[in-house]
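>>> What follows is a predicted structure for the sequence shown.
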Amino acid sequence: MKNIRVRLEENSYIIYAGYLLKKLGGALEGKRYGKKVLLLTDSNVFPLYGRAVEKAVAETGREIVHALLKPGEAEKNFKKAHEIVEWCAKNRMGRDDTLMTLGGGVASDLGGFAASIYMRGINFAAVPTTLLAQVDASVGGKTGVNLPFGKNLVGSFYQPSFVYIDFKTLGTLPEREIKQGIAEIIKYGVIKSRNIFNMMKNTPPGRIKKHLPALIEESVMIKKVVVEKDEKERTGLREILNFGHTVGHAVEIAHFPQFNHGESVALGMVGESYLSWKLGMCKKDVYSGIKEVVGKHRLPFSFAGIKTDKMLDFMKYDKKARQGNIRFVMVKNIGTVKTGVVIKAEDAVKLLKEMIRDEKP
């Protein structure tokens, strides 16, 4: 068990890593969290862990009610955010009460956004149960919903009151869900940690699960340091966390629902590494090494069949786009990246098409 404190100018909080769900009530000590908790989760997660969380919260003397989402990215929209806010109002929740999310990145992104706008902000607690959410989505304070034009185009920076991680929840995840989180762990290795990258490179996929608690903690520590230095993306440092996501988001939307978020980020890392090589930012073996690790963990790495022209439309709506130019994170070496590299969307897609040609035997 480990307590990781995220120290911010306002709203510092603790990430409880490696605790059991039945001990969750300990994180709710004090008057700060009000008398009512709305538990936001989905219909897949609630049967597994919902009752345990409800029991732990009820033992603190608080009233707890739950609201169920349908599983999947399609729920992350304005309409559903409005419904959540109405659920809060119908349950007469006040500004000192708490919205708690239980599940993956969709729940934390959507629930955090709803918490940030209901009564201009109520307590928000995240209990991530997927590897992707534990290693990335639940930490850092980014919340949001999708529009038809792109992912997370509407949202807010809203830090959780705490994050509570039980590693045992990973045991019920299907393999495809584990791989979603593996993609983000590889990302942390590329941007900041040779140790993580080498572990992903040298550990057989079948044995990586026993290393997940350590990989989660190291990844979270990397994100904590970045967020502490650049909470709201004002200095440019936080951009390093977007490696693989500019191309990845475009892939995800252009091919929805063929690729999930992690698979899209995996392709995004390969694509952006290729751009880095072609633009002289890194050596070819860096690009090849990233592609090899992505493939080793049975994540998609080939752009054959990817609709690059359709991707172009969505890249222009990327949050980092300025007058048709997009800010990319480019790889210099494993553990070192360069942010703010400006490339026209059309030029990026042109290079990706070149990569597709290079992949052909």
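Right, received. Where do you want to start?
>>> For stretch 251-268, list every residue counted as buried.
251-255, 259-268 (16 or more other C-beta atoms under 10 Å). No exception for glycine: its C-beta is placed from N, CA and C like everyone else's.
>>> gap between the two ends of that stretch?
End-to-end distance of stretch 251-268: 8 Å, with C-alpha to C-alpha, to the nearest Å as the criterion.
>>> cool, stretch 198-211 as well?
OK, stretch 198-211 end separation, C-alpha to C-alpha: 13 Å.
>>> mind checking how far that stretch is from the chain centre?
21 Å (C-alpha atoms, centre = their mean, to the nearest Å).
>>> Contacts for that stretch next, please.
The set of residues external to stretch 198-211 that reach it, using C-beta atoms under 8 Å, 6 or more residues apart in numbering, is 170, 178, 182, 185-186, 189, 215, 289, 292-293, 296-298.
>>> quick one: the helices in the stretch 51-200 of the chain?
Counting by DSSP state H, counting those that start in this stretch, the stretch 51-200 of the chain has helices at residues 51-58, 78-90, 105-117, 131-132, 175-192, 194-202.
>>> Identify whichever of those lies nearest to I343.
Ranking those by proximity to I343 (C-beta to C-beta) places helix 175-192 first, at 18.2 Å.
>>> Mind giving me the packing neighbours of that closest one?
helix 131-132, helix 194-202, helix 212-229, helix 261-278, helix 284-296 (3 or more C-beta pairs under 8 Å, 6 or more residues apart in numbering; DSSP states H and E).
>>> of all those helices, which lies closest to F78?
That would be helix 261-278 among the helices and strands packed on helix 175-192, by C-beta to C-beta, at 19.4 Å.
>>> mean confidence score for the closest one?
Averaged across helix 261-278, the pLDDT comes to 97.
>>> Report the residue ranges of every domain in this structure.
Following automatic domain parsing, one gets these domains for the chain: 2-172, 187-359.
>>> ok, back up a step: please produce CSV containing the helices and strands packed on helix 175-192, extended by distance to T41.
Below are those laid out as CSV (distance: least, C-beta to C-beta, whole Å):
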stretch, distance to T41
helix 131-132, 16
helix 194-202, 30
helix 212-229, 20
helix 261-278, 18
helix 284-296, 31
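>>> quick one: which of these is nearest T339?
Nearest of those (C-beta to C-beta): helix 212-229, 11.0 Å.
>>> List of residues touching that closest one?
2, 4, 6-8, 15, 17-18, 131, 134-136, 139-141, 165, 167, 170, 184-185, 188, 191-193, 195-196, 199, 208, 235, 237-238, 240-241.
>>> Would you mind listing which of these are buried?
In these, burial by neighbour count holds for 4, 6, 15, 17, 131, 134-136, 139-141, 165, 167, 170, 184-185, 188, 191-193, 196, 199, 208, 238, 240-241, counting by 16+ other C-beta under 10 Å.
>>> any idea how far the spatially most central residue of the chain lies from E86?
The chain has A137 as the residue nearest its centroid, 3.0 Å off, counting by C-alpha atoms, centre = their mean. Between A137 and E86 the distance is 24 Å, computed by C-beta to C-beta, to the nearest Å.
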